[in-house]
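*Asks:* Here is a sequence with its predicted model. Questions after.
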Amino acid sequence: MRILMLAWEYPPRIVGGIARHVQELSESLARQGVEVHVITAAHPNTPDETIESGVHLHRVGTPFTPSPGELLNQVYALNAAMESRAEPLLHDWLRTGKRRPILIHAHDWLVEPAARALKHRFKLPLIATVHATEHGRHGGIYTDLSRTISHYEWELCYEAWRVIVCSHFMRDEVHRVLSVPHDKIDVIPNGIRAEKFAFEFPESERAAFRARFAEPDQPIIFFVGRMVREKGVHVLLQAFPQVKAYVPRAKLVIAGGGIRAHLEAFVRFLRMEESVCFTGFIPDEDLLRLYRVADVAVYPSLYEPFGIVALEAMAAGVPVVVSDAGGLKEVVHHEWTGIVTWAGMQRASRGAFCAYCRMRVGQSSVRCAPNASCSASLTGRGLPARRARFIALCGISTASRSGDSAKGVQFLFAEDRRQPASDYKHSLLGVTAGMPLHPLSPYRDTLRRQRASKPISPVPSAISALGSGTGITRSCPRFEPLPIARR
């Protein structure tokens, strides 16, 4: 069997997840005896024609650098080059005496014009993999460019004999947005090669590599992904100050390419330059090592067709915290293989705090409460000692009381929009009665009204009430005053 794959990115050119998906799929098929040819865009310092791991690679055209103003023209030029290279290849295959099955496989809308033309010209079956939709990426179709892209997505699914998606979430989205019948869609989840994380990593080398990003006593919260809105990096940054309140030495490492000037400006606004590290695009070798040194992996995506990064983190043995966006909730099972939080509500970083506690406390159980108001609870035998260790990790001082061993420790956070207003005074933002509220807090106006109508208890009293009589007190961290946006 021969398969002609069309994809606009392929390693070493890596923009999103399509490159690795096509590479590992092609190499796996080649190992099974299938002759695989991949036609992709040219990349600097790479040969136009080569064979890698049994896969025949054909790089055509000029290096593809999408820009919004010239995107369609660049796509048309790339497809014309793909079509010109595929024609002699298919003619040669069809002229051979012994016919072998030939299949065209198109990945996403950027190669739709060439895939459709080759299908009709050579009367060959076409299958398509839809990795994401324009509607899902932007939460709707709002511009002429989006309408054009969505039309190409629909046309690709219409022309294809079968449509492959990576999750049941994507199956429902493709059916709803692109009007593809359910019986034409096949759900094939993505996979990874777990053995690539099982490499020799001596402790001395690990410590030296980790020192590039954090101090030895700083737990690393790790994120990898493109710097685009749907990946939710801004949600992680908005929630990170609250994580720092409980884990003051936490270090956030953000890896991935894309435009991040606005994110760096927001970090400067928070005055957390020393606690947040943007690495930019990093090669696979460093990425695998980052997984091995991270303490928690956090993916607060707003839109995620599958979430292969969560699989990679779990393969590396890193605690995983994800949002419930798209296919992530099919990959991570809440409190079983990771922590799942609500998308877009600053939950991922809060969950990272819980996962960090799970990792550090050891035998104790750290979980999220059923009402999604995140709490850290310690249960089981030997509770006083484990709870004391947990409290010590979080920087909390305790005063022992009778019956203390029968009670748990609970911390409530303030991001839950479903909390009644009466609960806010016991929240992380509410107890800081003497501090200016963060200008991005959704509860700024509510807390202002509360303070104006009824003074909030001083910090020790509020925390004592929060501890339900356990004698737990916590001194609030000293934040630099932040300017408050006036309405």
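*Replies:* Structure received.
*Asks:* Find the nearest non-adjacent residue to Pro68, please.
*Replies:* Excluding its sequence neighbours, the residue lying closest to Pro68 (CB to CB, 6 or more residues apart in numbering) is Leu145, at 7.0 Å. Bear in mind the C-beta positions are built from the backbone N, C-alpha and C, glycine included.
*Asks:* could you list every residue that touches the one you found?
*Replies:* Leu145 is in contact with Pro68, Leu71, Leu72, counting by CB atoms under 8 Å, 6 or more residues apart in numbering.
*Asks:* sec struct for it, please.
*Replies:* Counting by DSSP: H, G, I helix; E, B strand; the rest coil, the backbone at Leu145 sits in helix.
*Asks:* ok, now how distant is it from Pro66?
*Replies:* 11 Å (CB to CB, to the nearest Å).
*Asks:* Check Gln74 too.
*Replies:* Relative to Pro66, Gln74 is positioned 6 Å away (CB to CB).
*Asks:* swap in Trp8?
*Replies:* 9 Å.
*Asks:* Which residue of those two possesses the greater neighbour count?
*Replies:* Trp8 (25 against 13; other CB atoms under 10 Å).
*Asks:* Isn't that one up against Leu78?
*Replies:* Yes: using CB atoms under 8 Å, Trp8 makes contact with Leu78 at a distance of 6.5 Å.
*Asks:* longest single helix anywhere in this structure?
*Replies:* The helix spanning the most residues in the chain, taking DSSP state H as the definition, is helix 71-95.
*Asks:* Which secondary structure elements does it sit against?
*Replies:* strand 2-6, strand 35-41, strand 55-60, strand 102-107, helix 112-122, helix 144-159 (3 or more CB pairs under 8 Å, 6 or more residues apart in numbering; DSSP states H and E).
*Asks:* quick revisit: report the set of residues contacting both of Trp8 and Leu78.
*Replies:* Shared contacts of Trp8 and Leu78, counting by CB under 8 Å, 6+ apart, come down to Ala41, Phe64, Leu110, Val111.
*Asks:* Mind putting the residues you listed into a markdown table with pLDDT and distance to Val235?
*Replies:* Formatted as a markdown table, these follow (pLDDT from 0 to 100; distance: CB to CB, whole Å):
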| residue | pLDDT | distance to Val235 |
| --- | --- | --- |
| Ala41 | 92 | 32 |
| Phe64 | 77 | 30 |
| Leu110 | 94 | 28 |
| Val111 | 95 | 32 |
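*Asks:* And stretch 104-117, end to end?
*Replies:* The first and final residues of stretch 104-117 sit 11 Å from each other (CA to CA, to the nearest Å).
*Asks:* Find out how far it is from the centre of the chain, if you would.
*Replies:* Offset of stretch 104-117 from its chain centre (CA atoms, centre = their mean, to the nearest Å): 27 Å.
*Asks:* what comes into contact with it?
*Replies:* Applying CB under 8 Å, 6+ apart, the set of residues contacting stretch 104-117 from outside is 3-8, 18, 21-22, 75-76, 78-80, 82-83, 86, 118-119, 124-132, 134, 149, 152-153, 155-156, 159-160.
*Asks:* Of these, select the buried ones using a PyMOL command.
*Replies:* Buried residues among the contacts of stretch 104-117 (16 or more other CB atoms under 10 Å), as a PyMOL selection:
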select buried, resi 3+4+5+6+7+8+18+21+22+75+78+79+82+83+86+118+119+124+126+127+128+129+130+131+132+134+149+152+153+155+156+160
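*Asks:* Where does the prediction get shaky in the stretch 301-450 of the chain?
*Replies:* Along the stretch 301-450 of the chain, the model assigns pLDDT under 70 to residues 345-450.
*Asks:* what's the burial count for Val296?
*Replies:* Using other CB under 10 Å, Val296 is surrounded by 31 other residues.
*Asks:* hang on, isn't it packed against Phe223?
*Replies:* No: contact criterion CB under 8 Å: Val296 and Phe223 do not qualify, at 9.7 Å.
*Asks:* show me where pLDDT drops low in the stretch 1-150 of the chain?
*Replies:* Scanning the stretch 1-150 of the chain for pLDDT under 70 picks out the ranges 97-98.
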